[in-house]
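Q: can't give you the sequence, but here's the structure:
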């Protein structure tokens, strides 16, 4: 009965490879997000989708391509991985509307690029 | 632009004492603020929120204070317990997104 789930939890890969991270939420929320957390714990939004439509793209390199097959899923595909992509990536979801902007976060995916 | 900052990156308190974590924000138009707790190896977890039309809000052992005059937010944790050890983030609601502060690591001394 996990609210927001991500797979895999850990991902170790070589530079130049392509990898994907999957996210699913069972909260019935309309909006989903991807965040990147660096080694200093700084948490920065990358993308947000509302009902499968891209709402926010925070100047993320186009090597990162989010895909939302339905409003319960938001996957993140990364091409040509670079050392600087190493971080923890968090998926989150929230309901639409000014009264409930609270976001619920997944457990994170630790990506290590060698 | 928007930015949310914290006065102290680390805070160490004795078990049983009260903890106060501070946060400064820059966008005076923000109308909603949240505190999150992130334990090691986990995602951020909602603690408490406050809207800009309030000065104070209390939860279970936690209180958030908002001072709009100086654009300052604080989280008070009463009778700090070992389970409170975590990184705490403040966040403000911007245009269609939350802007997170740097984070404060709270450690509890026995």
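A: Thanks, I have it. If you're wondering where the values come from, they're calculated on a predicted model, not measured in any experiment.

Q: okay, now the unreliable bits of chain A?
A: Along chain A, the model assigns pLDDT under 70 to residues A:1-2, A:97-101.

Q: can you check chain B too?
A: B:1-8.

Q: near chain A, which residues of it are found?
A: Residues of chain B found near chain A (C-beta under 8 Å from any C-beta of the partner chain) are B:32, B:34, B:36, B:38, B:41-46, B:49, B:87, B:89, B:93, B:96-98, B:100, B:102-103, B:105. In short, each C-beta sits where N, CA and C put it, glycine included.

Q: residue B:90 and residue B:25 touch, don't they?
A: Yes - in this structure residue B:90 lies within contact range of residue B:25 using C-beta atoms under 8 Å: 7.4 Å.

Q: the two: which is more packed in?
A: Using other C-beta atoms under 10 Å in any protein chain shown, the more surrounded residue of residue B:90 and residue B:25 is residue B:90, with 28 against 21.

Q: need the contact list for the more buried one.
A: Neighbouring residues of residue B:90 by C-beta atoms under 8 Å, 6 or more residues apart in numbering or on different chains: B:4, B:6, B:21, B:23, B:25, B:33-36, B:73, B:75, B:100-101.

Q: what strand or helix carries the most centrally placed residue in chain A?
A: The centroid of chain A falls nearest to residue A:34 when counting by C-alpha atoms, centre = their mean (2.9 Å). Assigned by DSSP states H and E, residue A:34 belongs to strand A:31-37.

Q: can you map out the strands along the chain?
A: I'll assume chain A. Here chain A has its strands, by DSSP state E, at A:4-7, A:10-13, A:19-25, A:31-37, A:43-50, A:53-57, A:64-70, A:73-78, A:87-94, A:104-105, A:109-113.

Q: I was thinking of chain B, sorry if that wasn't clear
A: Taking DSSP E to define them, one finds strands in chain B at B:4-5, B:10-14, B:19-25, B:32-38, B:45-51, B:56-58, B:62-67, B:72-77, B:86-93, B:98-100, B:104-109.

Q: export those to CSV and append columns for distance to residue A:84.
A: Output for these, formatted as CSV (distance: least, C-beta to C-beta, whole Å):
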stretch, distance to residue A:84
strand B:4-5, 24
strand B:10-14, 26
strand B:19-25, 28
strand B:32-38, 22
strand B:45-51, 28
strand B:56-58, 39
strand B:62-67, 35
strand B:72-77, 31
strand B:86-93, 22
strand B:98-100, 20
strand B:104-109, 24
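
Q: could you give the backbone dihedrals for the closest residue to residue B:48 other than its chain neighbours?
A: Leaving aside its chain neighbours, residue B:48 sits nearest to residue B:59 (4.6 Å; criterion: C-beta to C-beta, 6 or more residues apart in numbering or on different chains). Torsion angles at residue B:59 (phi, psi; degrees, to the nearest 10) stand at phi -120, psi -160.

Q: how many other residues sit next to the closest residue to chain B within chain A?
A: Closest to chain B within chain A is residue A:105: 3.4 Å, counting by C-beta to the nearest C-beta. Using other C-beta under 10 Å, residue A:105 has 22 other residues around it.
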